[in-house]
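J.: Quick one: sequence plus predicted model below, questions after.
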Amino acid sequence: MSDVVLRTRGLVKRFGTLTAVDQLDIEVHRGEVVGLLGPNGAGKSTTIGMILGLVRPTAGAAEVMGRDVWRDRENALANSGAIVETPAFYPYLSGRDNLTALALIRGGASRARVDLLLERVGLSARAKSKYRTYSLGMKQRLGIASTLLSDPPLVILDEPANGLDPAGQREIRELVRELAKEEHGVLLASHLLYEVEQICDRVLVINKGKLIASGTIAEVTAGAGTIDIAVGDPARAGATLRALPGITNVQETEAGVKVTAEPARGADLNRALAAAGIYASAIVPHKSSLEDVFLEITDEGGPSTSGAPAPS
Ligand SMILES: Nc1ncnc2c1ncn2[C@@H]1O[C@H](COP(=O)(O)OP(=O)(O)O)[C@@H](O)[C@H]1O
Ligand SMILES: [Mg+2]
């Protein structure tokens, strides 16, 4: 039996001339939290919309538990639960009554399950309080409880920590990790590296609708780094290094050059410089963090993007 809960094949969404999602092939398995990471506008929410049958794909398909979301909609959707924005609850009903109402609409979930879920998300003590008195973190947790009413194999969260204070974010992180332990497959979209680094087993980095990197965080950052080389003539060193295979980014610095390359290539670069009659006085490799890799592959680096814009 396969443990794949979600699979997309060649998923494409165009809005007029804009290709918001471009040939996306992704998989989520039971028991893992997969981060869908990308800057604002990368196509995360559009991808999730297609997986939830809210946005019609231009091409390709999404399958939940092997059921095509467009051709076998009811069965596919019965296997997924999601919060895609702050969920809509009745402000004057209690948390428990809100969940009970949803359970009725969705045709299932006993009173015992509602109570169990309230317990699961740490809301038992406030179950009888009106929804409008809840903090944002409590509202998010009630939202997660609502996605679990039917105990779906696939749980989708779009920017779950949005607007939460650090304590609230942490509660959500712990809850999401528990979902994976209970054999749900979780797809979590976020533009926050920190969040993804903390929670996810694997990450899918998308930019302009395309999958540009995927794997564990160790895999995505493997081989990525920079090498600082101190030399007397940065311009000539730069020209020599740019001519080497696999070297595309060389910046001149005060002390020499900064090269984007696998940290292990230091000796190789040194040899090339020496062959050109340039002698380095220091070679210092730096391994990239997920943040460095993310900024580099999404071209989000530079001062213009400091001060993160609100997520869309
Ligand atoms: N209904 C729509 N009509 C036109 N363009 C859209 C629509 N929905 C999203 N887009 C565009 O598609 C791109 C991807 O958006 P979105 O999936 O919301 O990105 P993300 O969730 O990664 O921030 C953006 O350029 C956005 O403006
Ligand atoms: Mg979004």
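T.: Nice, I can see it. Ligands and ions are numbered 1, 2, ... in the order given.

J.: avg pLDDT for stretch 229-240?
T.: For stretch 229-240, mean pLDDT rounds to 92.

J.: now the end-to-end length of it.
T.: 13 Å (C-alpha to C-alpha, to the nearest Å).

J.: Same check on stretch 55-68?
T.: Terminal-residue distance, stretch 55-68 (C-alpha to C-alpha): 14 Å.

J.: Compute the distance from the centre of that stretch to the centre of its chain.
T.: 20 Å (C-alpha atoms, centre = their mean, to the nearest Å).

J.: Which positions within it qualify as buried?
T.: Within stretch 55-68, the residues scored as buried using 16 or more other C-beta atoms under 10 Å are Val55, Pro57, Gly60, Ala62, Glu63, Val64, Met65, Arg67. All C-beta spots, glycine's among them, are computed from the backbone N, C-alpha and C.

J.: And stretch 241-252, by the same measure?
T.: For stretch 241-252, by 16+ other C-beta under 10 Å, it's Leu241, Leu244, Ile247, Val250.

J.: Could you do stretch 266-276 as well?
T.: Gly266, Leu269, Asn270, Ala272, Leu273.

J.: The closest residue to Arg111 other than its chain neighbours - how many residues pack around it?
T.: Spatial nearest neighbour of Arg111, chain neighbours left out: Thr100 (7.1 Å); criterion: C-beta to C-beta, 6 or more residues apart in numbering. By the measure other C-beta atoms under 10 Å, the count of residues near Thr100 is 17.

J.: mind showing which ranges of the protein have poor pLDDT?
T.: 1-2, 85-87, 107, 299-312 (pLDDT under 70).

J.: for it, longest strand please?
T.: Longest strand in the chain by number of residues (criterion: DSSP state E): strand 4-15.

J.: Quick one: name whatever helix or strand follows that one.
T.: strand 18-24 (DSSP states H and E).

J.: quick check, Pro285 in a strand?
T.: Yes: the assignment for Pro285 by DSSP: H, G, I helix; E, B strand; the rest coil puts it in a strand.

J.: Tabulate the CA atom coordinates of stretch 131-150 in CSV.
T.: Only the C-alpha atoms of stretch 131-150 are listed here, as CSV (Å, rounded to 0.1, in the frame of the first residue of the first chain):
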residue,chain,number,x,y,z
TYR,A,131,-15.5,32.4,19.7
ARG,A,132,-15.2,36.2,19.6
THR,A,133,-13.4,36.2,22.9
TYR,A,134,-10.6,33.9,21.5
SER,A,135,-7.1,35.2,20.8
LEU,A,136,-5.9,34.8,17.2
GLY,A,137,-3.9,31.7,18.3
MET,A,138,-7.0,30.1,19.8
LYS,A,139,-8.9,30.9,16.6
GLN,A,140,-6.2,29.2,14.5
ARG,A,141,-6.2,26.2,16.8
LEU,A,142,-10.0,25.9,16.6
GLY,A,143,-9.5,26.1,12.8
ILE,A,144,-7.1,23.2,12.9
ALA,A,145,-9.5,21.2,15.1
SER,A,146,-12.2,21.8,12.4
THR,A,147,-9.9,20.3,9.7
LEU,A,148,-9.6,17.2,11.8
LEU,A,149,-13.3,16.5,12.3
SER,A,150,-13.3,13.9,9.6
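
J.: Please determine how far Lys258 is located from Leu117.
T.: The spacing between Lys258 and Leu117, counted by C-beta to C-beta, to the nearest Å, is 52 Å.

J.: Those two: who's more crowded?
T.: The residue with more neighbours, out of Lys258 and Leu117, is Leu117; 24 against 19, by other C-beta under 10 Å.

J.: pretty sure the more buried one is touching Leu148, no?
T.: Yes: applying C-beta atoms under 8 Å as the test, Leu117 and Leu148 come out as touching, 5.5 Å apart.

J.: just the helices in this structure please.
T.: Counting by DSSP state H, the chain has helices at residues 44-51, 73-77, 95-105, 111-120, 136-147, 166-181, 193-199, 217-221, 234-242, 266-275, 290-298.
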